[in-house]
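Novice: Pasting the sequence and the predicted model now:
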Amino acid sequence: MHEPLSLDAISAIDSHLSEEERMIRGAVRRLVRERYLPRAGELFEKEEFPKDLIGEFAEMGLLGASLKGYGCAGMSAVQYGLILQELEYGDSGLRSFVSVQGSLAMYAIHAYGSEEQKNKFLPEMAAGRLIGCFGLTEPDSGSDPSSMKTRARKDGDHYVLSGTKMWITNSPFADVAVVWAKVDDGDASSIHGFIVERGMKGFETPKIHGKMSLRSSETGEIVLDECRVPAANMLPNKRGLGGPLGCLTQARFGISWGALGAAKACLESTISYARERKQFDVPIASKQLIQAQFADMASEIIKGDILALHYGRMKDAGGITPVQVSLCKRNNVGLSLDVARKCRGILGGNGILLEYPAIRHMLNLESVYTYEGTHEVHTLVLGKALTGCNAF
Ligand code: TGC
Ligand code: FAD
């Protein structure tokens, strides 16, 4: 048997990265592999998020990494993507935490908040002293967020919020929640964002237990029972569904990089296994049916990397459209889930053990496939763009 070539050696993607980009990636890679991977299975089993890493994430500038000013690191889109890929190589839960904090909660405040709100919340969130969450989905309003029932009623210098948000990453321990609610403006109503702070009366965040996916990410509800929020906590600079969707465009871009990290972890570990595991007197890696799967998986992952880098460079150069982000999220999450499932199969019975990363990533990617716009939602976004016909 020869020494195998790594995915990076075949893709030569590193030759398209700057030294600074490789350095940032290397630092996060070390953190994840030294401080997280040794306990990944245990945390998954115990449904526990490693809160002890939050301070280290903050010190490395990972929280709100791509935002400028207010204590944020101001990294490029490509640097941000590389970070998320390393985090998700560890676990989708690590990437989810960073995505929600930076691309959803902090981004909403950065993009739509007043100067006062930015100065109050962003430096604390970048430092990991305040944890954020993002409440859009409701029990009866998922793919169609325009159907949300949560309402905000003006009462003097406060808004009174009522409603329930469901499936909210980080909510059980979040200090601040960016919550989207409809405000009645006479005949019509429009969606606004509110910063709800822990301790405000009528704000509860029960944890959701029994998830078989993203177990080391804490997910909960946000229950708003006539919760009085100062009017100064409403995000003043955006109204309408474009507000939350604008945040989702940032987070979806990051996910399209991140998911590939999970796929790489599965493929690398499964190739090592197949080189060791003997059946019919030879390593299963020497069987053509196994090699064909590896060839397909490596090709898909490398194509996904090139796609993410292409859109990342475009984002840094001037921007990408929501349709391009949908294409990238759909393609890269879909292929990563396929890779994880194939790797699980190649590991045979061992593939269902937490000792090997494939089943954990596979289960996690089931959520990634569903959140931030389901695979089908992104199919319809692309379908609409390609045909001009709305199939929602
Ligand atoms: P539509 O009429 O198409 O658009 C309404 C307004 O929004 C604008 N817009 C966007 N803006 C920015 N980015 C996007 N991707 C945008 N898509 C649309 C649009 O221009 C329009 O603006 P305006 O000013 O003209 O009013 O809206 P629609 O009601 O037909 O819905 C479109 C649809 C179905 C694609 C959208 O509702 C959708 O994306 N649904 C999926 C919902 C979703 O993704 N939820 C995610 C919740 S958060 C989450 O999952 C976090 S998990 C995090 C983790 O743990 O990592
Ligand atoms: P539904 O919208 O009810 O969809 C059910 C099925 O119907 C799906 O297969 C969907 O693709 C399909 N479908 C829907 N509409 C159509 C259509 N028009 N045509 C064809 N098929 C269709 N939300 C937040 O706001 N904040 C968070 O932090 C957050 N974190 C999450 C963490 C986890 C672990 C999970 C699982 C979810 C999280 N979500 C969060 C919610 C997530 O965004 C929603 O689950 C997702 O948007 C789908 O909504 P739904 O679950 O209500 O499914």
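Specialist: Perfect, I can see it now. Ligands and ions are numbered 1, 2, ... in the order given.

Novice: can we go C-alpha only for contacts and neighbour counts from here?
Specialist: Fine.

Novice: ok, Lys207 touching Thr219?
Specialist: Yes. With contact defined as Cα atoms under 8 Å, Lys207 counts as touching Thr219 (6.0 Å).

Novice: Between these two, which is the more surrounded one?
Specialist: Set Lys207 next to Thr219 and count neighbours by other Cα atoms under 10 Å: Thr219 wins out with 22 against 18.

Novice: if I pick the more buried one, what's in contact with it?
Specialist: Trp167, Ile168, Thr169, Asn170, Ser171, Pro172, Lys207, Ile208 (Cα atoms under 8 Å, 6 or more residues apart in numbering).

Novice: Between Lys207 and Thr219, which contacts overlap?
Specialist: Common contact partners of Lys207 and Thr219 (Cα under 8 Å, 6+ apart): Ser171, Pro172.

Novice: Now the residue sitting furthest away from the middle of the chain: phi and psi?
Specialist: The C-alpha centroid of the chain is most remote from Asp281, which lies 42.7 Å away (Cα atoms, centre = their mean). In terms of degrees, to the nearest 10, the main-chain angles of Asp281 are phi 70, psi 0.

Novice: any idea how far ligand 1 is from it?
Specialist: Counting by Cα to the nearest ligand atom, to the nearest Å, the gap from Asp281 to ligand 1 is 44 Å.

Novice: Could you report the pLDDT at that residue?
Specialist: The confidence metric pLDDT takes the value 98 at Asp281.

Novice: measure it to Met1 for me?
Specialist: 14 Å (Cα to Cα, to the nearest Å).

Novice: For the nearest residue to Ala231 once chain neighbours are set aside, list each beta-bridge partner.
Specialist: The spatial neighbour of Ala231 that comes closest, neighbours along the chain excluded (Cα to Cα, 6 or more residues apart in numbering), is His158 at 4.6 Å. Note on His158: beta-bridge partners Asp155, Pro230, judged by DSSP bridges.

Novice: count of residues packed around His158?
Specialist: As a burial measure, His158 scores 17 neighbours (other Cα under 10 Å).

Novice: Touching, it and Cys227? I think so.
Specialist: No. In this structure His158 lies outside contact range of Cys227 using Cα under 8 Å: 9.6 Å.

Novice: what packs against the longest helix belonging to the chain?
Specialist: Across the chain, the longest stretch assigned as helix under DSSP state H is helix 242-276. Other helices and strands packing on helix 242-276, by 3 or more Cα pairs under 8 Å, 6 or more residues apart in numbering; DSSP states H and E, are helix 77-90, helix 92-98, helix 107-112, strand 188-197, strand 282-283, helix 288-317, helix 322-346, helix 357-370.

Novice: Do me a favour and average the pLDDT over it.
Specialist: 98.

Novice: buried ones in it?
Specialist: 243-267, 270-271, 273-274 (16 or more other Cα atoms under 10 Å).

Novice: can you check stretch 289-297 too?
Specialist: Ile290, Phe294, Met297.

Novice: Name the nearest residue to the last one, sequence neighbours excluded.
Specialist: In other words, Met297. Val339 (5.9 Å).

Novice: wait, what's in contact with the one you found?
Specialist: Neighbour list for Val339: Ala263, Cys266, Leu267, Met297 [criterion: Cα under 8 Å, 6+ apart].

Novice: With Asp8 instead?
Specialist: Counting by Cα under 8 Å, 6+ apart, Asp8 makes contact with Asp14.

Novice: repeat for Leu260
Specialist: Leu260 touches Gln85, Glu88, Tyr89, Ile301, Gly304, Asp305, Asn332, Val333, Ser336, counting by Cα under 8 Å, 6+ apart.

Novice: Mind doing that once more with 7 Å?
Specialist: Applying Cα atoms under 7 Å, 6 or more residues apart in numbering to Leu260 gives the contacts Gln85, Ile301, Asn332, Ser336.

Novice: mind checking the SS state of the closest residue in space to Arg228 that isn't next to it in sequence?
Specialist: Once flanking residues are discounted, Arg228 sits nearest to Val160: 4.5 Å by Cα to Cα, 6+ apart. Under DSSP: H, G, I helix; E, B strand; the rest coil, Val160 falls in the strand class.

Novice: what pLDDT does Val160 get?
Specialist: 97.

Novice: and of the contacts of Val339, the nearest to ligand 2?
Specialist: Ala263 (18.0 Å; Cα to the nearest ligand atom).

Novice: what's near enough to touch the spatially closest residue to the closest one that is not a sequence neighbour?
Specialist: Of all residues not flanking Ala263 in the chain, Ser336 sits nearest, at 4.8 Å (Cα to Cα, 6+ apart). Counting by Cα under 7 Å, 6+ apart, Ser336 touches Ala259, Leu260, Ala262, Ala263.

Novice: Report pLDDT for Ser336.
Specialist: For Ser336, the model assigns a pLDDT of 98.

Novice: ok, now which ones touch Thr270?
Specialist: Taking Cα under 7 Å, 6+ apart as the definition, contacts of Thr270 comprise Cys343, Leu347.
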